[in-house]
Each structure stands twice: as C-alpha cells, then as structure tokens.
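**Q** sequence first, then the predicted structure:
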There are 2 protein chains.
Amino acid sequence: MNPTYKKLLDRWLEISALASAAGVCGWDQETMMPPRGVEARAEQEAALSGVIHDKVIDPALGEMLRDLAKNPSGLSESQRVCVREWLRDYEHSIKLPPELVREMARVTSLSQAAWVKARKASDFKAFGPWLERVVALKRREADALGYKVCRYDALLDNYEPGMTVAELDPIIQQVREGLVPIVRAIKGSKIKVDDAILKRGYPEAGQEALCKEMMAAIGVDPTAARLDRSAHPFCCGIAPTDVRITTRYDERWLPQSLYGVIHESGHALYEQGLPAKHYGTPLAEAVSLGIHESQSRFWENFVGRSMPFVRFIFPRLRKRFGKILAGADANSFYRAINRVKPSAIRVEADEVTYNLHIVVRYELEKGLLDGKIKVKDLPALWNERMRSYLGVTPRNDAEGVLQDTHWAQGMIAYFPTYLLGNLNAAQLLHALKRDVHGAEAHIAKGEFAPILGWLRKNVHQHGRRYKPAELIQRATGKPPSAQYFLDYLKEKYGEIYRIERW
Amino acid sequence: MNPTYKKLLDRWLEISALASAAGVCGWDQETMMPPRGVEARAEQEAALSGVIHDKVIDPALGEMLRDLAKNPSGLSESQRVCVREWLRDYEHSIKLPPELVREMARVTSLSQAAWVKARKASDFKAFGPWLERVVALKRREADALGYKVCRYDALLDNYEPGMTVAELDPIIQQVREGLVPIVRAIKGSKIKVDDAILKRGYPEAGQEALCKEMMAAIGVDPTAARLDRSAHPFCCGIAPTDVRITTRYDERWLPQSLYGVIHESGHALYEQGLPAKHYGTPLAEAVSLGIHESQSRFWENFVGRSMPFVRFIFPRLRKRFGKILAGADANSFYRAINRVKPSAIRVEADEVTYNLHIVVRYELEKGLLDGKIKVKDLPALWNERMRSYLGVTPRNDAEGVLQDTHWAQGMIAYFPTYLLGNLNAAQLLHALKRDVHGAEAHIAKGEFAPILGWLRKNVHQHGRRYKPAELIQRATGKPPSAQYFLDYLKEKYGEIYRIERW
C-alpha cells in the first residue's frame, strides 16, 4: 500500500471510529439515558465533536490528501474514491470558521428550545427572531462554503452532494404540477376509503412483536441491529454490523409503528448493506440523504403499501390480532393504508400528498435564503401555499409553519432530500421490476431476498463511490426523473379511487 | 480563577468528558450492542483510549501541573486537591511506555480469550503460558511505575491509592487468623440453616419489579439511573447524574438478582453522591476500589442482610410472591439469606467465608509477582489453601484456580480491594450506629435517608479529596481496622448459629 495512503487511512479510520462513538452517545441519549444525564451528555458530545473536528482540519492531513489527489498513480480505484471523498470532507471542514461553527451550535440549540415553546403556544412571533438569526448564520455558512449560482446550492450540497437549485427547480416544478391535479382528482372521486380498521386498538406488545417480525422478514440482520423506542423515530448506523432503529407506538393507529418500523428498516438495510470490510472509509458510508430516504421509502411505501405485501402481511396480522380484525380482509386493509387525505401535517401525510408538503417548504426556505421572503411573512405564505397546493388551511401556526423542527435546528435545504427519496424509490422500483423476474410474486410470498439483493448490488454496496445522480443512472439505466413517481401514483391510485383519466 | 488553573481545568474536563463517552460505549457493549457490533466497538474504544492517553501525557499539561503544585498560592483548597490528583494521574500515565500499554492490551485480550476456553475445559495447562506472559508484563509495569519495597505495591496503588503490602500483610493475616476459627465453629454448630425458601421459583418479572422497588427505596435516584441485564453484573458511573447498574436473574435463586441489585445500588449511590457540580474533576471521582466496594457491601450485607432490613422487605416480598412464600416468615427468610456454607466459588460465597477466598488469591498473586510461586504450581497451591482455610476441595481447576477472570485480564492486586471493602463497610457501620440515633429502627421502617445522608456526608461528597485511610479515619474517628468486621461476624453469626464463645 502507498505509504501516504496508509497514513491517511489510519487517520480516517480513527476519525471514523470516534464519530461512531459519538453515534453511540447520540443513540443512547434518545433511547436509554436517564433524564438527568442530559447536561453531562452535552459535555461528552461537545468534547467528541471537538476532537473529531481538530483531527479533520489538521493541515498535514490536507497536504497529504492534495498530494495524493494530484498524483494518484499507484492507487487502486477504490483508494482514489476514498481520497476524493476525504478531500471533499476536509475542504468542507476547513472552509467553516470555528467561530461560526460554535455560534451555529449555540444559536441552533437555543432556537430549538425556543421553537419547542413557540410550537406549544402556536406563537410564531416568539420564534421569528430566532429563525432570523438562524437564517443569517446559514447565509454566512453558505458564503463560507462557496457556490457558483446561489447560496442554497452550498447548503443543499451538505445533504445531497452535487445537487444544485438549477437541477432541483425543474424537478420541484414537475412534481408540483403533476401532483396538484392528482390530489384534486382523488378529492373529487366518488370512492371513499375507510381507515377505521387501523384505529381499532392494537395492544402495544403485539405491535412490537409484529414490528420485529417484519424487520427480520424483509432482511434486517437481527444480530447486527436493535429496535427501541424514542420520542422521534430514527435510524442510527454505528457500523454496518451495528445499526439501531427506533419507533413509537399508538394503540389507536397501527401504521405509526408498523410503517414507521418498515421505513426505518429501509434505512437499516442500507446501513447494513454498506460493505463492512470498508468500515471507517467513504466506501462504507451512505452517499446522500436523498439516496438514504429512497431506501426507507422504498420499503415503507413501494413495497410495504403494495397489494402483494398486504397479501403477505395480512394473514400474519390476523394471527396476532384475530379478533380485532374481525370483518376485515386484505383488500380493505390495503385500501385503508393507502387512504389519501390532504392534511396540514407533513409527518401524517399519505404518499400522494407528502411531496407537496416538501414543495411548500422548499419554495419558502429558498426565498428566505435569497432574501425574497421575510421571516415575518412566512405564516401567511405558508397557509396560502397549503391552500393552493393541497386545499388545506392549517388551523394555526403550530399546525402550519411551526410544525417541523428542521429550520430551528439550522437544517435548511434538508427537506428536498425527502422528496428526492420518493422520486428515487419510484425509479428504483421501476428498474427492479424490469430486472427481477416476478418481483411482486416474491413479495406476496414473503421472499424479500431477491428484492434486497438487487438493492444491495445496485445501491448499498457502493457507499460514496458514485454521486447520487450517477448511482441512479447506473442502477436504472436512466438519469433521475420525477416521471416514474408520477406514473406510479397514477397507476396505483387510479385503481384505488377508480380514476381512469387523470 | 488562576489562569493556569483555568487552562488545566478545561483540559481535564475535556479528558473526563471523553472518558465518560468511553464509559457509555463500554456500558452499551455489555447491555445493548448487537453481537456483530463487537469488532467495530473495539475500534471505537481503542480510538477513544488513544485520544485520551495522548491528551493526558501532553508534556505541556505536565509542566503546568508541576508549576502549580510548586506554587499553589492563590489556589483554593479544592483546587489544590485537583492539582494533586491530576498530577498523580499524569505521572502515572507518563511512566508507562506506550509500547508496554499496547502489548498489555494485546496480551490480556488474547489471554482473556484463552482463559474462557481453558475454564470451560478445566484445562489449566492451556492457560498457564498466558498467565506467565501476563505476570511478566505486570512485572514490567510495576518496574515502570516504581515502588519502594516490592512490586506488588506499585500495582496495588493502581486500585487502592497509597496502600502498600507493609500495611496490607498484617490485615490479611488478622483476617485469616480471625476467620478460620469462625468458619470452623459455624461448621461445628448443631444449628442447620435451610435456604430452600430462596429456591422456590420466583418469576423473573416479579424479581425485576422488586429490584427496582429496592433501588428506589434505599435512595437511588431513578431519574439519574438505569437497571439492565448483563452476563456479569456491574455498575457504570457515566456522571453523578447518569449511573447504570446491571443484574442477572435466576428464577431458582432469588438472592442472585435481589442482593446483586442492592450491591450494585450501593455502588450507584456512591456515584450519584459524588458532587455533580464538580463533574469532570477528581472531586467527583471515586477515591479507590476499596472504598467503592465498602459502599456496595454496606448496602448488600450490612444493611440488606440485617434483621431490620428483612422486617422491612419481607411484607413486600409477600405482597409480590404471596403463594411462593407460603409457610415462611421474616425469621426464616433472615436465616436463609445468611446461611454460611464454605464453597469453592468466590462469587457464591456468604459474607463469613468470602474474605478467605480473597486471602487465597492475595497470597498467591503476591508470590507470582515476586517470583516465589511458579505459575505451574498454582493449581496445587490453590487447592491446598482452600482446604486449609475453608475446608473445601475444588472438584477441578474450573472450580478452583481458573474460576475468576481477573488475572487473565491483567488485574493483579485487584482482589484485596474486595476484602478492604468488607472491612471498611463494617467500620463505617460501627460509626454510623454511633452517630445515627435508632439506625436499625429506621431501616426496619424503610427510612433509609438518615443512613444515606451519613454516607453522603462522610464518604460520597469527598470524591478523591482524602486518601482511603484518611477518609475512614475522618468518617469513623479511628484508623482502618479489621476488628470491626470480625466483631460484627461474631455477633451476628453467634446469634444465628447459637455460638456463645468463639
């Protein structure tokens, strides 16, 4: 091995191991930590972040990386990928002034607390000044990181490497223009879907056992995973051999845990599918949030809410919840979990309306960043767009502009990755059906290995080797496109709501 | 604040926060981690240890510490304590050559694995060569650390700061000579104690609820603690506000969990009683293992196995396990949990015979270290002493010299701290009864606050302010002595086994 490469590898393995340790602490905080441990945990996490940051911005590291990037002869292709991605991480880190990083941590921690209070009181005015400070800092961050066309590009690149507003704008437009009439047509349909069956009171212990059964069924390795509870569900990949997901249970709303766990299991399958032998290098790291979300959405919606999957799961539900399911069948269950109902809240949205929630957020946060939208005008603009795109008027700001924590935490340009995840999942499904013979029959029989195998081969195993768009192109043979998603919706919901022409 | 002191404080707070993060990872490994996570976890822990070690041995740190230790004017008394203890930690760390530390980690990791196999097969010959390598490394460690009289002193100081063989030898002798006739007298007593009541099959869920009830009853703050399961019970103090204990359950042996949890709760009370405002400094760190063990033993045996405690707990047991306890009463329960039965296994020993197990280990490991005992002669010497002190012959080496993991892990000079814990606990109990009016009546009523308050004031709040012997002297008004322990046993077991003259 090239001796400079070896040195770099050792350093990054150390950095990555420290980041994984921070992952353990973060997971523990959300799931296990006794309440009074919170202040000491903040110290522990700050100390770890500090140590990691110091190691990443070491100029000697940068020098070695630049040398190798210039003279990569003798490096294998995989090693070149690592050098390219390490250099990306290094350049990113050194561009951010330490003073800005500290200020961002301080302000977002306070603004997060202010948001919690403001949402509770549905008091946007109390949160506005904090959001203004966050936006000002995010502008400074974007300027420090640099961009060619607009500030939003710099922030978007944090979550979706290589993606720009110039590429995203037409996608968003296509999604918006495609979805609005679909939502209207479904609203106008004479078919009414009843989801009362999902609210019949499913005992928590039975839900938990069902969730564990589903995790294992779709291929999550239980010797390398855990399922726990937390206030906000998440997936934490400590290593490909140690992935933890969480959920929450609502006895009167079965999908909360069931589809929540299938969603997080999709994330977990991606993390477990990263090549463990490359643990600690970019080859065993997720490439982007839009690809990560494509995996969770793929399993939650494109598999989990499909008729073949319902055929697989319904007998199992009946076994566990026999009496509760009296009078229901696979067909009524399928319709219930696919009920379309425009609502004010993103995290409760069905798969048809979900992306319109993202469109609203994308348009507003872009306006905030380039100064065309003022913070004080947000609530009115929010409600106006919700009415226009979804036909829904939030009852108050808690149900409107204050519902999500992302902006308070400084996560601006994060929302589009949810939308990209949905589009990527639809495109991957299209290609998978082309490549895997009888995919739907496999799903109906609970044979998920061919599905997972295809995702492993085409997505998981590559880590950060290809940028997201290239990954999709290689997996599907086509550049990323929103059309697969819109076609999927029309076919599926045309059948459910008996709409023959859109 | 003295600016050099402020710099030192910041550095040590960071080191301590990183050590706490390592504590989270260690706890997680024993309780939560999926099995396949083990290799990645080893990398995470090695990276953290490396970072911490690098920070501790920084020569600039040493220079500042030595300067302040020489010119402490302007420092408060508490600050002087911190400087003294930090310097102790620094000097300790720099004395160990990094090459020796790495070799020790490597060899003990392998010898631990060899020990697991050897114990399973009861094959001392397979383990012997590993123990020889460990002993050789521990000799090098002792030489690197330095000592005045003998190598054992250097290692003992790791666990019991300030303690030496010159002080320990007479204590061990007094304990051995005091205990051997007590054990013989009890063996010769006509009174036979029946403990079948403890083996009646207590459902695990009920045991767990009982354990949580007892933790809270004696004063463990549940908002700053957790109880989980692990193969080997332990207590992990991440911060005074975040302390975790573990246990294991045996439906046919109630004391396994019940007294295990009271024991670990004693450790937890010490950790929670360290002053949280000093978190990250020696003022909020346990002073020694012998003091730590005094707290666990105090609650497990001196409180938990006392008649007043049984009066408190028995009605609660009856509430939970009514039918199972049919025919039993507080008195028979008290006698059952205090049955004395010499056995080959240390961790199953009662409080009378326990310390003799330690005496055997102390005498042998001291001989190993000074070269008077050869590894190959250990099994015979072990069995000979077990016969002579306890009247017990191990059936094989798995039940004999191979039973404990300590030596395999390089923990030589660790065992005596268990014995010191018992002696300290007896002496603390003696002083507590003098100071706290009606202590036994409080215990019988479940009023543990006065007991805990006395321990908080006299032990917990001091952290590493006083060396162990000074701490005992201040708490009890007398220098440490084994007499309290021997007197305690004679009084308690004289009553149980109707022995009027020893």
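**A** Good, I have the coordinates.
**Q** so the closest residue to residue A:478 other than its chain neighbours is in which element?
**A** Once its chain neighbours are removed from consideration, residue A:478 has its nearest residue in residue A:427; the separation is 7.1 Å (CB to CB, 6 or more residues apart in numbering or on different chains). The way it works is simple: take the backbone N, C-alpha and C, and place the C-beta from them, glycine included. Using DSSP states H and E, residue A:427 falls within helix A:416-435.
**Q** hmm, residue A:325 is touching residue A:315, no?
**A** No: the pair residue A:325 and residue A:315 fails to qualify as a contact (CB atoms under 8 Å) at a distance of 10.4 Å.
**Q** those two: which is more packed in?
**A** Neighbours per residue (other CB atoms under 10 Å in any protein chain shown) separate residue A:325 from residue A:315, with residue A:325 holding more: 18 against 10.
**Q** how about that one, secondary structure?
**A** coil (DSSP: H, G, I helix; E, B strand; the rest coil).
**Q** nearest spatial neighbour of it, skipping sequence neighbours?
**A** Nearest residue to residue A:325, sequence neighbours excluded (CB to CB, 6+ apart): residue A:318, at 5.5 Å.
**Q** measure the closest residue to chain B within the stretch 401-502 of chain A to residue A:286 for me?
**A** Shortest the stretch 401-502 of chain A-to-chain B distance, computed as CB to the nearest CB: residue-wise this is residue A:463, at 15.4 Å. Per CB to CB, to the nearest Å, residue A:463 is found 7 Å from residue A:286.
**Q** anything in contact with each of these two?
**A** Residues touching both residue A:463 and residue A:286 (CB atoms under 8 Å, 6 or more residues apart in numbering or on different chains): residue A:274.
**Q** looking at these two, which one has more neighbours?
**A** residue A:463 (23 against 18).
**Q** could you measure from that one over to residue A:275?
**A** 7 Å.
**Q** where do the contact lists of those two overlap?
**A** Each of A:283-284 lies in contact with both residue A:463 and residue A:275 under the rule CB under 8 Å, 6+ apart.
**Q** mind listing what the closest residue to residue A:350 other than its chain neighbours touches?
**A** The shortest distance from residue A:350 to any residue other than its chain neighbours is 4.9 Å, reached at residue A:340 (CB to CB, 6+ apart). Counting by CB under 8 Å, 6+ apart, residue A:340 makes contact with A:183, A:186, A:193, A:350, A:352-353, A:493, A:497.
**Q** among the residues you listed, who's most crowded?
**A** The member of the contacts of residue A:340 that has the most neighbours, counting by other CB under 10 Å, is residue A:186 with 24 neighbours.
**Q** I figured that one hits residue A:497, correct?
**A** Yes: using CB under 8 Å, residue A:186 makes contact with residue A:497 at a distance of 5.1 Å.
**Q** quick check: phi and psi on residue A:358?
**A** Residue A:358 has phi and psi values of phi -70, psi -40 when expressed as degrees, to the nearest 10.
**Q** and the gap between it and chain B?
**A** As for residue A:358, its distance to chain B is 33 Å (criterion: CB to the nearest CB, to the nearest Å).
**Q** which of the contacts of residue A:340 lies closest to residue B:173?
**A** Of all the contacts of residue A:340, residue A:350 has the smallest distance to residue B:173: 78.7 Å, by CB to CB.
**Q** what's around the residue nearest to residue A:478, how many residues?
**A** Number of residues near residue A:427 (other CB under 10 Å) recorded here: 25.
**Q** and if you look at residue A:149?
**A** 10.
**Q** pLDDT wise, what is it at?
**A** At residue A:149 the predicted local distance difference test score is 96.
**Q** in contact with it, which residues?
**A** A:164-166.
**Q** strands of the stretch 201-350 of chain A, start to end?
**A** Using DSSP state E, counting those that start in this stretch, the strands assigned to the stretch 201-350 of chain A run over residues A:225-229, A:235-239, A:242-247.
**Q** just these: most buried one?
**A** Highest mean neighbour count of these: strand A:242-247, a mean of 27 (counted as mean count of other CB atoms under 10 Å in any protein chain shown).
**Q** what angle sits between that one and strand A:235-239?
**A** 170 degrees (axes from the mean of the first three to the mean of the last three CA atoms, to 10 degrees).
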